[in-house]
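Participant: Okay, sequence plus prediction incoming.
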Amino acid sequence: NSGSSCEKCDFESDLCKALHELNLQPGWIRRNGRSGMGLPYTDHSGNDSAYFLSLSSEMRSSSAILRTKVFLPTDEEHICQITFHYWISQTSGTLMVGLQKHSEDTITNIWQDSGELQNQWKANTITINSTEKYEV
């Protein structure tokens, strides 16, 4: 709709606005298929020079978080849909999407995939409803 504030987050020049403060988060690497780090050799559209985020190989045993900026509350006019492309390899664990509302200390898990269809790009869209400010 005309009032939407859709942002594309493609990592081509840096981390996008939605994830901007994550430069310090250990474990994530911005790379492309030519980086010599193994699969995947392209992004979801088949481009080997396009950038994506990848877990570093040292992170096999633990977890790494990506946290968005603060989003404003949703209502009928301002729904929030986030579409993302992801790749899970044989060595990965589980990819989870969590919701943290600003009045809560805990993160609520709202989606996860542990990769039954491994070594291929998949896309997913999540819809978020929150009456208060939140992060994903």
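Facilitator: Perfect, I can see it now.

Participant: Count residues in the vicinity of residue 99, would you?
Facilitator: Neighbourhood size, residue 99 [other Cβ atoms under 10 Å]: 19. To be clear about C-beta, it is placed using only N, CA and C from the backbone, and glycine gets the same treatment.

Participant: Apologies, that question was intended for residue 48.
Facilitator: Applying other Cβ under 10 Å, we find 12 residues neighbouring residue 48.

Participant: Next: residue 104.
Facilitator: Counted with other Cβ under 10 Å, the neighbours of residue 104 add up to 11.

Participant: measure it to residue 114 for me?
Facilitator: Distance of residue 104 to residue 114, computed by Cβ to Cβ, to the nearest Å: 25 Å.

Participant: next one: residue 28
Facilitator: To residue 114, residue 28 is 19 Å away according to Cβ to Cβ.

Participant: The two: which is more packed in?
Facilitator: Taking neighbours as other Cβ under 10 Å, residue 28 and residue 114 compare with residue 28 leading, 18 against 11.

Participant: tell me the contacts of the more buried one?
Facilitator: If you count contacts by Cβ atoms under 8 Å, 6 or more residues apart in numbering, residue 28 has them with 22, 53-56, 64, 66.
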